[in-house]
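In: show me how the following folds:
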Amino acid sequence: MATVLIVDDDAALRDGLAEALTDLGHTARLAASGREGLAALGDDIDAVLLDLRMPGGMDGIEVLRRIRSAHNAPPVVVLTAFASAANTIEAMRLGAFDHLSKPIGRDDLSDLLNRLPKRSHSIVEPAPDAGDGLIGSSEAIRQVQKAIGLAADSDATVLIHGETGSGKELVARALHTYGKRKDGPFIAVNCAAIPEDLLESELFGHVKGSFTGATADRTGAFRDAANGTLFLDEIGDMPLAMQAKILRALQEQLVTPVGGKPVRTTARIISATHRDLAKLVAAKEFREDLYYRLNVVPIAIPPLRERAADILPLAEHFLARVAVPSGRHKQLTAAAVAKLQRHGWPGNVRELRNVIERAYILTRSDVIGSDDIDTSRAGVLPADSPPDADLPAAVAQLEKMMILRALDACGGNRTEAARRLGINRQLLYTKMQRYGIAVETSENLTGRVSKDDE
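Out: Model (predicted):
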């Protein structure tokens, strides 16, 4: 049976946890502050339950840092009633075994003790100063936050998967900001936004005169991200020929500029996609060897519709942010919140942000009601959609419909349609080809002549 040190300034919670531990056959030791907890720490302590917020000038994060810097430190579980992305990521990065929200039931406590590892040696470095970039406290987003904390200091490749608008770049930036490369550059490249004939130069660079228009040397994103992080967004849209070159760069840590000689690269690679790469591999549209090389640490971001508990915190965050320039704060009514929570959010967090900003701008009152929340622009599945259609097919149908409507509204102008859809023009071209949509389609709908880029 284990001896567990409980460090918490709440006497009732300490006693409750101690009673539960005793009933489960374990021994409890109690401390009312961080300093008392450090003083009570000894070789006989098998685990520590540590409150995050405590008075006395030493919070849980500082106590965790000191415990984990010691030789043969016991596993530490951080407890908090106020979970946030920042403290979850930081706790996991500093070596916490887990980060749990209060209250903790007896069954949860029993399961936790069964999972705890034996004491191990661990030394950590000072924590970075980083802002809270991932809003939410649902279990789904907490798992993402924990994964960031565990993977941040590693140089392993990370593959982030999530729907469009779910926050893949936020996760990539958090991995960089909370990791040991935080002082290096963070370079983001959208692989779907760059024409195929320019992508190699964008990533690997080129030497002057290597092709028409190469009037000067270019280092490329891999070398621009030296000792930092290179984020390859929408890597599922990368051409097969380029995939082979990316694989070589990852395996050999060498890149070859167009017209030049191989150069060593020191960038950490994080990639992201909204597509199912495993299916693309099966269809021979994505290299299997590259897939496994990228997918060393997978992080899946759940869509907003699957984490309804995060909708209100996100909405309030966006509402506070848009109010900063004017200093005029507005509040959501209960009816407005209910409407936000009923919506399906096909555009995920990005769509929610746009809806909140629009409501703030267009509402004269300091109170935003249900009628002020306009989710009509998000689009819905056609009424004739089969009820048993699988999700990828339904999403594709919705995506095609939204593209057709945007092209129709813009008279076939792809640049304007891409702007309305919140994507870049190159990605719109790719999707139009995928769904067999020609610009002439919108001409048939509207009777107007398409003049792209007018």
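In: for the host helix or strand of residue 145, buried residues please.
Out: Counting by DSSP states H and E, the secondary-structure element that holds residue 145 is helix 139-151. Applying a neighbour-count criterion of 16 or more other Cβ atoms under 10 Å, one finds 140, 141, 142, 144, 145, 146, 147, 148, 149, 150, 151 buried in helix 139-151. C-beta here means a position set from N, CA and C on the backbone, and glycine is covered the same way.
In: go on, stretch 236-248?
Out: For stretch 236-248, a neighbour-count test (16+ other Cβ under 10 Å) marks 236, 237, 238, 242, 243, 245, 246, 247 as buried.
In: wait, a helix at residue 114?
Out: Yes: if the criterion is DSSP: H, G, I helix; E, B strand; the rest coil, then residue 114 is within a helix.
In: kindly confirm my reading that residue 321 is in a helix.
Out: Yes: for residue 321, which was evaluated using three-state DSSP, the result is membership in a helix.
In: for residue 304, see how far away it is.
Out: If you measure residue 321 against residue 304 using Cβ to Cβ, to the nearest Å, the figure is 17 Å.
In: okay, these two: which has more neighbours?
Out: Each of residue 321 and residue 304 has its neighbours counted (other Cβ atoms under 10 Å); residue 304 has more, 28 against 13.
In: which residues does that one contact?
Out: 166, 310, 311, 314, 345, 348, 349, 351, 352 (Cβ atoms under 8 Å, 6 or more residues apart in numbering).
In: the fourth one is in what secondary structure piece?
Out: Residue 314 is part of helix 311-323 when elements are defined by DSSP H and E.
In: and the first one, by the same measure?
Out: Secondary-structure assignment from DSSP H and E places residue 166 in no helical or strand segment.
In: what's the local residue count around it?
Out: There are 24 residues near residue 166, going by other Cβ under 10 Å.
In: make 44 the starting number, not 1.
Out: All right, first residue 44 from here; so that's residue 209.
In: check what pLDDT it gets.
Out: In this prediction, residue 209 carries a pLDDT score of 91.
In: likewise the last one?
Out: The predicted local confidence for residue 395 comes out at a pLDDT of 93.
In: tell me where the stretch 194-343 of the chain has helices.
Out: Secondary structure of the stretch 194-343 of the chain (DSSP state H, counting those that start in this stretch): helices at 211-220, 239-247, 264-267, 283-295, 320-325, 331-337.
In: identify each buried residue in stretch 223-238, please.
Out: Buried, per 16+ other Cβ under 10 Å, within stretch 223-238: 223-225, 227, 229-237.
In: hmm, I was thinking of stretch 368-376
Out: Neighbour counts over stretch 368-376 (16+ other Cβ under 10 Å) mark 373, 375 as buried.
In: same check on stretch 236-250?
Out: Judged by neighbour count using 16+ other Cβ under 10 Å, the buried positions of stretch 236-250 are 236, 237, 242, 243, 244, 245, 246, 247, 248, 249.
In: the fifth one is in contact with residue 264, isn't it?
Out: It stands for residue 244. No: under the criterion of Cβ atoms under 8 Å, residue 244 is not in contact with residue 264, lying 9.9 Å apart.
In: C-terminal to the strand or helix carrying residue 404, what's the next element?
Out: Using DSSP H and E, the element containing residue 404 is helix 391-405. Counting by DSSP H and E, the next helix or strand C-terminal to helix 391-405 is strand 410-411.
In: paired strands for that next one, with orientation please.
Out: Strand 410-411 has these partner strands in its sheet, going by DSSP bridges: strand 374-375 (parallel).
In: any idea of the mean pLDDT for the strand it pairs with?
Out: In the prediction, strand 374-375 has an average pLDDT of 92.
In: same thing with stretch 80-98?
Out: Stretch 80-98 comes out with an average pLDDT of 89.
In: check stretch 304-311 too.
Out: Per-residue pLDDT values across stretch 304-311 average out to 93.
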